[in-house]
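Undergrad: predicted coordinates and the sequence they were generated for:
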Amino acid sequence: MSDRLLSGHEPLDAVLDGGLPGNAITLIVGRPGSGKTILAQQYVFRNARPDRPAVYFSTVSEPLEKIVRFGQSLEFFDPAAIGTSVFYEDLGTVVNQDGLPGVAERIGREIRERRPGVIVIDSFKALQSYADGHGEFRKFLHELVGRLGAFPAASLWVGEYEEAEIPAMAEFAVADAILALTAEQVGQRETRFLQVRKLRGSGFRSGQHAYRLTPGGLRLFPRLADLPLSEEYSLGQIRMSSGITALDDMLAEGYWPGASTLIAGPSGSGKTLMGLHFVVNGARQGQPGVIASLQENPTQLKRILGGFGWSLTEPNVTVMYRSPVDIYVDEWAHDLLQTVARTGAQRVLIDSLADLRMSAGDEIRFREFVYSLVQRFSRQGVSVMMTFEIPQLFGADQLSDTAVSHLSDNVVMLSYVRERDVPEHDITGRSIAVIKTRATTHDPAVRRFTIGAQGIVLDEPASTDTSAMGIGKPADATLR
């Protein structure tokens, strides 16, 4: 038996710094329906062997037949293992007839006879109602821990505990590890989280980690949290074209490799189109790119690209579309990182941050997510462009209220302008300004632009004052 109990799911094992303690007691807690039993069975079938089997004890919370029946619908459930390396035992009759002493005796007998490597008690909390007060339950707990300690095995105790019960109940004091499964409701959206509340003698990744329940078991998406690096990393010195010649001139010959760029502007101002310029231009220079769209689906993107002579079948262009109505921000990030790794992408368009912000639910979580994502891309030399919609059509007092602009190396702002110098007309045009560039100079001029068959085409400079776009601070001001 290894000193670590593996789940068979690498992201979960990584969060636990290599797995659960192999010869220890782990509490898996959460409300009904959170996936506690699924996770326990996942550990059972991953670790059970004929010489060190797993014994799964049901109590009085859920009938044994129901646990087995639902377990059979999971991909990891192996019928051939039942009776050879996995044994299910019902403690319901024992506890009703002989109380907690009978339960301790039955578990002890199974340990002596089967010499298991994994022991599950589901539900452990249900046993509390059979004790006459805390004293008797503590006595039972002491005896049970003694029996379990006499033979090396991993014990998983499953229970429907509330958050407030964790510091108050004796079983949490004797547990070596505590995994809490929770869910948060944001509007009509529910997100499930796993959190390691305790892990004796080992490090672990802190915070809430999103998960989904699938036919393959619990699938975890570790919280994207980038820690400071002790060593430096190198980036390329050749600038990357934005795909728009005049904009490259404003940016002092384009973007640095590994830089992050925020494109902010109102609806319809050309944010997505600017991102497509960036990705398609790079693809045609042999730099693979990913369009991570939460706005337009592939059919809509195909129509947009076709209008400018581009195509989704362009070599080196990959589309990763996800519906914004049912995404976990951490799951989305891991999908994107895997897509970038698989395709060798050097350019990424994220369209848009507003949708990711809604899926994050928590403002601090969103800021940590953006920071961690741009840092990972920077280390890989991947240039990322992110769109963000602002409500003001004809200028903005601030770029965003989420503090994401300071996380970006470059900030480009799009806006609408009224062309009042045309006789007898009040035509609405578009303008662009580079508000911020890191580690380089830039042209602060406000430029009008048009959208035509060639995409975005810039006019001559109209002003060097960004207040013409409604921004009340100079170009080098601190933006929120």
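TA: Arrived safely.
Undergrad: which ones are touching Thr93?
TA: When the contact criterion is CB atoms under 8 Å, 6 or more residues apart in numbering, Thr93 has no partners at all. For every residue, glycine as well, the C-beta is placed using N, CA and C.
Undergrad: quick one: it is in a helix?
TA: Yes. Membership of Thr93 in a helix is supported by DSSP: H, G, I helix; E, B strand; the rest coil.
Undergrad: distance check, it against Ile263.
TA: 66 Å (CB to CB, to the nearest Å).
Undergrad: go on, Glu368?
TA: For Glu368, the distance to Ile263 - CB to CB - is 22 Å.
Undergrad: the more surrounded of those two?
TA: When neighbours are counted by other CB atoms under 10 Å, Glu368 and Ile263 differ, and Ile263 comes out ahead with 29 against 17.
Undergrad: using the three-state scheme, assign that one.
TA: strand.
Undergrad: and it, what's its pLDDT?
TA: pLDDT recorded at Ile263 is 93.
Undergrad: check Ala477 too.
TA: On the pLDDT scale, Ala477 gets 31.
Undergrad: got it, and Gly472?
TA: So Gly472 comes in at 41 (pLDDT).
Undergrad: likewise for Pro461?
TA: On pLDDT, Pro461 comes in at 67.
Undergrad: at which residues are the strands of the stretch 201-350 of the chain located?
TA: Per DSSP state E, counting those that start in this stretch, the stretch 201-350 of the chain has strands spanning 209-214, 217-221, 260-265, 289-293, 317-321, 347-351. These are given in chain order.
Undergrad: could those go into JSON lines alongside distance to Arg379?
TA: Below are the strands of the stretch 201-350 of the chain laid out as JSON lines (distance: least, CB to CB, whole Å):
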{"stretch": "strand 209-214", "distance to Arg379": "22"}
{"stretch": "strand 217-221", "distance to Arg379": "20"}
{"stretch": "strand 260-265", "distance to Arg379": "12"}
{"stretch": "strand 289-293", "distance to Arg379": "17"}
{"stretch": "strand 317-321", "distance to Arg379": "20"}
{"stretch": "strand 347-351", "distance to Arg379": "14"}
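Undergrad: number of nearby residues for His277?
TA: 23.
Undergrad: for it, which non-adjacent residue is closest in space?
TA: Nearest residue to His277 in three dimensions, chain neighbours excluded: Gly243, at 3.3 Å (CB to CB, 6 or more residues apart in numbering).
Undergrad: can you tell me how far the one you found is from Leu349?
TA: 11 Å.
Undergrad: which of the two has more neighbours?
TA: Ranked by neighbour count (other CB under 10 Å), Gly243 and Leu349 place Leu349 first, with 29 against 24.
Undergrad: spatially nearest residue to the more buried one (excluding sequence neighbours)?
TA: Gly275 (3.8 Å).
Undergrad: so which of the strands of the stretch 201-350 of the chain is nearest Ile451?
TA: Shortest separation from Ile451 across the strands of the stretch 201-350 of the chain is recorded for strand 260-265, at 12.5 Å, computed as CB to CB.
Undergrad: so what strands line up beside that closest one?
TA: Strands that pair with strand 260-265, judged by DSSP bridges, come out as strand 383-389 (parallel), strand 410-419 (parallel).
Undergrad: that one vs strand 347-351, what angle?
TA: 30 degrees (axes from the mean of the first three to the mean of the last three CA atoms, to 10 degrees).
Undergrad: using PDB, write out every CA atom in strand 260-265.
TA: Listed in PDB are the C-alpha atoms of strand 260-265, where the atom choice follows Å, rounded to 0.1, in the frame of the first residue of the first chain:
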ATOM      1  CA  SER A 260      -1.300  41.100 -22.900                       C
ATOM      2  CA  THR A 261      -3.500  43.600 -24.500                       C
ATOM      3  CA  LEU A 262      -6.900  44.900 -23.400                       C
ATOM      4  CA  ILE A 263      -9.300  46.100 -26.100                       C
ATOM      5  CA  ALA A 264     -12.000  48.100 -24.400                       C
ATOM      6  CA  GLY A 265     -15.000  49.700 -26.100                       C
END
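Undergrad: next, count neighbours for Pro79.
TA: Neighbour number of Pro79 under other CB under 10 Å is 8.
Undergrad: do you know how far the residue nearest to it when sequence neighbours are not counted is from Gln41?
TA: Of all residues not flanking Pro79 in the chain, Gln72 sits nearest, at 7.4 Å (CB to CB, 6+ apart). For Gln72, the distance to Gln41 equals 10 Å [CB to CB].
Undergrad: element containing Ile364?
TA: Per DSSP states H and E: Ile364 is located in helix 363-380.
Undergrad: which other helices and strands does that helix contact?
TA: Using 3 or more CB pairs under 8 Å, 6 or more residues apart in numbering; DSSP states H and E, the elements in contact with helix 363-380 are strand 260-265, helix 329-343, helix 353-360, strand 383-389.
Undergrad: residue ranges with poor pLDDT in the stretch 301-450 of the chain?
TA: Residues of the stretch 301-450 of the chain that meet the criterion pLDDT under 70 lie in 395-403, 419-427.
Undergrad: was I right about Arg205 contacting Leu220?
TA: No. With contact defined as CB atoms under 8 Å, Arg205 does not reach Leu220; the gap is 10.2 Å.
Undergrad: find residues that contact each of the two.
TA: With CB under 8 Å, 6+ apart as the test, Arg205 and Leu220 both reach Val15.
Undergrad: ok, those two, which is more surrounded?
TA: The residue with more neighbours, out of Arg205 and Leu220, is Leu220; 26 against 15, by other CB under 10 Å.
Undergrad: who does the more buried one bridge with?
TA: With DSSP bridges as the rule, Leu220 is bridged to Tyr211.
Undergrad: Val384 versus the residue nearest the centre of the chain, what's the distance?
TA: Nearest to the mean C-alpha position of the chain, counting by CA atoms, centre = their mean, stands Asp330 at 0.8 Å. Using CB to CB, Asp330 is found at 17 Å from Val384.
Undergrad: returning to that earlier point: so for Gly243 and Leu349, which residues contact both of them?
TA: Joint contacts of Gly243 and Leu349 (CB under 8 Å, 6+ apart) are Phe278, Val279.
Undergrad: got the buried residues for the helix holding Ile364?
TA: 365-378, 380 (16 or more other CB atoms under 10 Å).
Undergrad: for Arg114, which of the strands paired with strand 260-265 is the nearest?
TA: strand 383-389 (53.9 Å).
Undergrad: contacts for that closest one?
TA: Applying CB under 8 Å, 6+ apart, the contact partners of strand 383-389 are 240, 255-267, 271-272, 274-275, 278-279, 346-354, 370, 373-374, 377, 399-400, 404, 408.
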